[in-house]
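> got a predicted model here, sequence first, then my questions.
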Amino acid sequence: MHAAVDIHRGAPAVAAQVDVSVTTELLVPFFRVSRSPLATWTKSLIERLAEAQARPEEDWYASCDRIASCFNEAALVEVHFGRPAHALALCHREIEWAQRASAHPGRLAAAQFAFQPYINIGRLERNSGRWDDAIARFRRLRDFLDGASVELGPLVVTGEHATAIAEINPEFAEQMNANYLVDTLITLLGAQRFAQVERFVAAAGCVRLRWLSDLMYEAVVIALCSLGDPVAALQRVDDYLRRPHRPHSGVFLYRRAELLLAVGDPAGAGAIARRLAIAHLASSAVSHKINLRLLVRLARLLTAIGDERAPALTRVALARAEQADDVLFQQELCMLLASNAATAQERLDANTRAETVRRLNSYGAARAGATAVPANAVREAIDRLYEQLTACAEGV
């Protein structure tokens, strides 16, 4: 269970509505596609797919790479639209497409394009609470890295495939190791199997990528606090912050604020939150270097403690979410603006803005019981992309 913290004494009444439990979401940045408006995202994918299919023989590997990215992002579009069954079908078709592509003479390396949809199936299993299935699926990535032949649906990836992949994409093994570690940790945290997290990280050993090492360290901090030992978690955070090189110090400073709340020090937590807010409010860094997940959590924390900088920091975060074209962060931050609104009119304006973001971008619109009816053009475009990718998979 999360380490819930009651820090609302003396704060505005609205602050009590904002959850500032120690979050089990990993805040160290890792690979993730921006959640763009579905209409423009789908239009871009249709154009990219047509371009990739127009010159398939000029560079078969580059063409396959582009087509695979269209499959992967289209599956994500379907998830956000609210059709996980369509997303799952696209994943299976992509694996079949990769299997047929790798059967062409001299193209064994095309087997690599079966891995991402295989991982995406594991994420869909995780999203539906099928924790063991997801963990077992991610474990096959480790088996592949250990040199074993692995079955990815209809494709059996052998040592011969692995050699061909390594020759054309020397970084592939490191990418798969990162996927294995990150997705397994996210699954363990989502399943609240906190006792397994530290054992998993210890068994993984050292990793070369600094961001990945820090992410694994953060997972242990989360696990310790969630197991009811915030003091030990705080010690881990302080150990990190004493290091000479700490590229994710902002994340661990924020974690320190959460943990200070957990051990009953709201004043210390507030001082850290204000320090981080001042740094972000003064920053002119370009949007792609901003850790939006951290910024959103910081805005929530400032709102919960009733800090006067909360509205300004939330507006900065919203502007950066708009620069990043991330619909879900925009919606969340609009709702947060409503939480820390000073007047009823400000609250109404923020709620209206959140509803407009949701309605215009069609996120979740296909789910049963959704209140928004998506524009026919959006649904038709997503359907057209789905059909084109299905035809592509059948025509390799």
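Done, it's in.
> need the phi and psi values for Leu152.
Torsion angles at Leu152 (phi, psi; degrees, to the nearest 10) stand at phi -110, psi 80.
> and the residue lying closest to Arg140 once chain neighbours are set aside, what does it touch?
Using Cβ to Cβ, 6 or more residues apart in numbering and skipping the chain neighbours, the partner closest in space to Arg140 is Val150 (4.8 Å). C-beta: built from backbone N, CA, C; applies to glycine. Val150 makes contacts with Arg140, Asp143, Phe144, Val156, Val157, as judged by Cβ atoms under 8 Å, 6 or more residues apart in numbering.
> mind listing what's buried in the lowest-mean-pLDDT helix or strand in the chain?
Ranking every helix and strand in the chain by mean pLDDT, DSSP states H and E puts helix 344-361 at the bottom, with a mean of 85. For helix 344-361, a neighbour-count test (16 or more other Cβ atoms under 10 Å) marks Arg347, Ala350, Asn351, Arg353, Ala354, Val357, Arg358, Leu360, Asn361 as buried.
> tell me which helix or strand comes right after that helix.
Counting by DSSP states H and E, the next helix or strand C-terminal to helix 344-361 is helix 376-394.
> list the helices and strands that following helix packs on?
Counting contacts by 3 or more Cβ pairs under 8 Å, 6 or more residues apart in numbering; DSSP states H and E, helix 376-394 is packed against helix 38-54, helix 60-81, helix 84-102.
> just the angle between that helix and helix 60-81, please?
Between helix 376-394 and helix 60-81, the angle comes out at 140 degrees (axes from the mean of the first three to the mean of the last three Cα atoms, to 10 degrees).
> renumber starting at 30 from here on
From this message on, residue numbering opens at 30, which makes the last subject helix 405-423.
> do I have it right that Lys72 meets Ile411?
No: counting by Cβ atoms under 8 Å, Lys72 stays clear of Ile411, with 10.3 Å between them.
> these two: which is more packed in?
A direct count of neighbours by other Cβ atoms under 10 Å for Lys72 and Ile411 places Ile411 higher, at 26 against 15.
> mind checking how far the more buried one is from Leu342?
Noted for Ile411: a distance of 35 Å to Leu342, by Cβ to Cβ, to the nearest Å.
> which SS state does Arg329 fall under?
helix (DSSP: H, G, I helix; E, B strand; the rest coil).
> from Ser368, how far off is it?
8 Å.
> likewise Leu170?
In terms of Cβ to Cβ, Leu170 sits 40 Å off from Ser368.
> got it, and Arg344?
13 Å.
> give me the more crowded residue out of these two.
Using other Cβ under 10 Å as the criterion, Arg344 and Ser368 rank with Ser368 on top: 22 against 14.
> mean pLDDT and distance to Ile150 added to the helices and strands packed on helix 405-423, as TSV?
TSV is the format used below for the helices and strands packed on helix 405-423 (pLDDT from 0 to 100; distance: least, Cβ to Cβ, whole Å):
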stretch	mean pLDDT	distance to Ile150
helix 67-83	93	20
helix 89-110	95	9
helix 113-131	97	5
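> right, and those - which one's nearest Val266?
helix 89-110 (32.4 Å; Cβ to Cβ).
> ok, and for the closest one, which residues are buried?
Quick answer for helix 89-110 (16+ other Cβ under 10 Å): 92-93, 95-110.
> same deal with stretch 300-310?
Quick answer for stretch 300-310 (16+ other Cβ under 10 Å): Ile301, Ala302, Arg303, Leu305, Ala306, His309.
> who does Val186 bridge with?
Val179 (DSSP bridges).
> ok, it touching Ala140?
Yes: between Val186 and Ala140 there is a contact at 5.2 Å, judged by Cβ under 8 Å.
> re the thing from before, Glu203 is nearest to which of the helices and strands packed on helix 405-423?
Nearest of the helices and strands packed on helix 405-423 to Glu203, taken as Cβ to Cβ: helix 89-110 at 17.0 Å.
> now the angle from that closest one to helix 373-390?
Going by the same axes, to 10 degrees, helix 89-110 makes 130 degrees with helix 373-390.
> what does the domain assignment say about this structure?
Annotated domains of the chain cover 84-221, 222-276 [automatic domain parsing].
> okay, those domains in TSV with distance to Ala395 next?
Formatted as TSV, those follow (distance: least, Cβ to Cβ, whole Å):
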stretch	distance to Ala395
domain 84-221	4
domain 222-276	31
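> out of those, which one sits most buried?
The highest mean neighbour count among those, using mean count of other Cβ atoms under 10 Å, belongs to domain 84-221: a mean of 18.
> pull up the distance across that one, start to finish.
47 Å (Cα to Cα, to the nearest Å).
> next one: that domain to chain centre, how far?
17 Å (Cα atoms, centre = their mean, to the nearest Å).
> Gly111 contacts Val407, correct?
No: the pair Gly111 and Val407 fails to qualify as a contact (Cβ under 8 Å) at a distance of 11.7 Å.
> any residues in contact with both of these two?
Common contacts of Gly111 and Val407 (Cβ under 8 Å, 6+ apart): Ala394.
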